[in-house]
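K.L.:
predicted model follows, preceded by the sequence.
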Amino acid sequence: LRSHFGSRICSSKEMEKRHHHRHHFRQRLTGNPNIFTCLVSAIAATVVSLPLFIPSIHTRLTRALLPLAVVWALVSPYPLLADTIDYTKKTFFGAIAGALPAYLLALAGGEKWRYVLFAGSFPLPFLLCTCDATCRTPWERVVDAQVALLSFYEVIAFGPETELGMYAVELVFNFVLGGSVAILSHMLVSVLMCRKESRCVSLVRLRLDDCFEALLFSVQGFMAYLTEGKSHHEDLEKRLQKFQAAVNNYSTAVAHWMLEPWSDKPSANAMAALDLHLLTACSQQSALLKSMETGYTAKGKAFTWQPVTVELDNLRLTTVAAMRLVCKWLKDKDGEIELSAVEDAVNKADDAAEEFQKATTGYFREVAETPGRWEEEAPKDPNELMRAFFAQMATRRLALLVGDLQNAIAASQIIELSKGMCHNYIRNLCAATWRQIKILGKPSEYFKAGAADALLDGG
């Protein structure tokens, strides 16, 4: 058949290989935020530019303003759908905030005094500039200062003498048109490419998966090189830096999620507990890495580590096994891994940590109660003993931290929220809008303390 039909029939391996290549291409296309943003921008700009080639549009709209929609379709898309919608919202209010006062000034001045009022209108652009993020006012979440300034000067300085009101309306329309098409293009490409990173909660879960993969990679290294950390210090440092970078990416994704107005979110206490445990894991391993800068002597290893080798190996195996199962549980999409199995693995790691503590405590009590044994067997350097004691405590703490992280993830309900759609869309959006309105009316939000204030206070 193959010789008869030629390349029309493919083997199962070739089909699997093609499927793998298509999947890899889709992952590269949608997983890289820069590539995805460029793709959305290209589609949005192509759609918005179509009216430029329709002759009937030119007779009804100002042709000079039509390219503005194309430009704004290029700059509006962001990797997250919530950011794209938020930027379009700020563009809409920014265009109105700039075009409306410019039109009123031009209308009040008429043909003779229009440019005189324009020359004396400096306070208005100054107020619009307070909406910039650098001023740290609540209006930065509502108005885009650059769009407001552009709309203001475009209308009052370059607008026509007649039909200036329609000119201002077309200006706002082109801004909103570019952003709206960018939103629709973002949604279309995300659906077609099955891109999960467009939703904030899905991005948070992916970043949390990265955190646990990096944590597993780092803990495996520390568990394996507890007594030989000096010779593998560079490798352990790279593993820890990878985990710290993953935690930073997770924190950034959570910050975006908390700003998304319509999505369901866990309680602040649950998220704070999860953040605390991740930061604790970073600090524990950083301190453990610091203790490994100096190696152990043969006498130190024989005194502090060899008597508890069995318990230490059990602690290593159960901790790594529990962390691997938690990683698989986080990545499980079909519910194949039950929560009870994860809890059993975590309990085994906790039991191993308790046995390790009992073994170390019993051993050092026995040494202390035996006359002359400490002087004969213990290393002479007290710093070596302190580093060994701390390493044993940190190793036990890492095992207990797996259970704390698993409980924090279950309490935050990130897995459940990432699987389902938002059920309280309207209520969350109305509540977020009302909170934003209340913030705009609080004077304390306009005069926040910054780093310069701490310097002035002598801090």
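P.N.:
Everything's here; your move. Numbers count the residues shown, from 1 in each chain.
K.L.:
just the helices in the stretch 51-200 of the chain please.
P.N.:
Secondary structure of the stretch 51-200 of the chain, counting by DSSP state H, counting those that start in this stretch: helices at 55-60, 66-75, 81-119, 123-129, 145-158, 164-192, 200-224.
K.L.:
so how far is Thr294 from Cys194?
P.N.:
Going from Cys194 to Thr294 by Cβ to Cβ, to the nearest Å gives 51 Å. From N, CA and C alone the C-beta is placed, and that goes for glycine too.
K.L.:
the two: which is more packed in?
P.N.:
Thr294 (14 against 8; other Cβ atoms under 10 Å).
K.L.:
mean pLDDT for the helices of the stretch 51-200 of the chain: which is lowest?
P.N.:
In terms of mean pLDDT, the lowest-scoring of these is helix 55-60 (a mean of 71).
K.L.:
would you mind listing the buried residues in stretch 332-343?
P.N.:
Val342, Glu343 (16 or more other Cβ atoms under 10 Å).
K.L.:
contacts made by that stretch with the rest, please.
P.N.:
Ala322, Leu325, Val326, Lys328, Trp329, Gln406, Ala410, Lys419 (Cβ atoms under 8 Å, 6 or more residues apart in numbering).
K.L.:
again, only using 10 Å
P.N.:
322, 325-326, 328-331, 344, 402-403, 406-407, 409-410, 415, 418-419 (Cβ atoms under 10 Å, 6 or more residues apart in numbering).
K.L.:
check contacts around the nearest residue to Glu237 once chain neighbours are set aside.
P.N.:
Computed as Cβ to Cβ, 6 or more residues apart in numbering, the closest residue to Glu237 that is not its neighbour in sequence is Leu289, at 6.3 Å. Counting by Cβ under 10 Å, 6+ apart, Leu289 makes contact with Ser218, Gly221, Phe222, Gly229, His233, Leu236, Glu237, Arg239, Leu240, Ala394.
K.L.:
which element is Leu289 on?
P.N.:
Secondary structure from DSSP states H and E places Leu289 in helix 268-291.
K.L.:
I'd like the next helix or strand past that helix.
P.N.:
helix 298-304.
K.L.:
just checking, what packs against the very next helix or strand once past that next one?
P.N.:
Downstream of helix 298-304, the next assigned helix or strand under DSSP H and E is helix 309-331. Helices and strands touching helix 309-331, by 3 or more Cβ pairs under 10 Å, 6 or more residues apart in numbering; DSSP states H and E, are helix 200-224, helix 339-369, helix 382-412, helix 414-419.
K.L.:
now the helices of the stretch 51-200 of the chain as TSV including distance to Val254 and mean neighbour count?
P.N.:
As requested, the helices of the stretch 51-200 of the chain are exported to TSV (distance: least, Cβ to Cβ, whole Å; neighbours: other Cβ atoms under 10 Å):
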stretch	distance to Val254	mean neighbour count
helix 55-60	44	9
helix 66-75	26	20
helix 81-119	13	19
helix 123-129	30	15
helix 145-158	27	21
helix 164-192	20	20
helix 200-224	6	21
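K.L.:
and these as CSV, adding distance to Glu377?
P.N.:
Output for the helices of the stretch 51-200 of the chain, formatted as CSV (distance: least, Cβ to Cβ, whole Å):
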stretch, distance to Glu377
helix 55-60, 91
helix 66-75, 70
helix 81-119, 62
helix 123-129, 73
helix 145-158, 71
helix 164-192, 65
helix 200-224, 25
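K.L.:
which one of these lies nearest to Phe390?
P.N.:
Closest approach to Phe390 among these (Cβ to Cβ): helix 200-224, 12.9 Å.
K.L.:
that closest one vs helix 81-119, what angle?
P.N.:
Orientation of helix 200-224 against helix 81-119 (axes from the mean of the first three to the mean of the last three Cα atoms, to 10 degrees) gives an angle of 120 degrees.
K.L.:
ok, the nearest residue to Phe152 once chain neighbours are set aside - contacts?
P.N.:
In space, and not counting its chain neighbours, Phe152 is closest to Gly98: 3.7 Å by Cβ to Cβ, 6+ apart. Contact analysis of Gly98 by Cβ under 10 Å, 6+ apart lists 124-125, 128, 143-156, 168, 171-172, 175.
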